[in-house]
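A.B. asks: Build me a model from this:
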Amino acid sequence: MNSKTYGKGILVSSLSIGIWLAAYISNEIHDDIRWLQVASRMLLLIMASVLVLVFLLYIKFTAFALAN
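C.D. replies: Residues are numbered from 1 along each chain as shown. So this is what the prediction gives:
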């Protein structure tokens, strides 16, 4: 793997964490707007899934790189 791949991984992870934080904050602040709560909770679930997938792919490719 080259540094360009790592840079893309860091960018995706950073953006996912930023979007997750924005959804979490909007979910906590705007508890009177029902559709925003539903949308932010869905976004929280999606971003958490993306972060888990990125982490699992990182582990998979790291183990693959160490094996070769």
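
A.B. asks: Residue 40: neighbour count?
C.D. replies: Neighbours of residue 40 under the rule other Cβ atoms under 10 Å: 20. C-beta coordinates here come from the backbone N, C-alpha and C atoms, glycine included.

A.B. asks: Tell me the buried residues in the helix or strand containing residue 37?
C.D. replies: Secondary structure assigned from DSSP states H and E places residue 37 in helix 34-67. Under the neighbour-count criterion of 16 or more other Cβ atoms under 10 Å, helix 34-67 has 40, 43-44, 47, 50 buried.

A.B. asks: what bits of the protein have low per-residue confidence?
C.D. replies: Applying pLDDT under 70 to the chain flags residues 1-2.

A.B. asks: now residue 64: how far from residue 58?
C.D. replies: Distance of residue 64 to residue 58, computed by Cβ to Cβ, to the nearest Å: 11 Å.

A.B. asks: before we move on, what about residue 26?
C.D. replies: 28 Å.

A.B. asks: Kindly report the same for residue 46.
C.D. replies: From residue 46 to residue 58 the distance is 19 Å (Cβ to Cβ).
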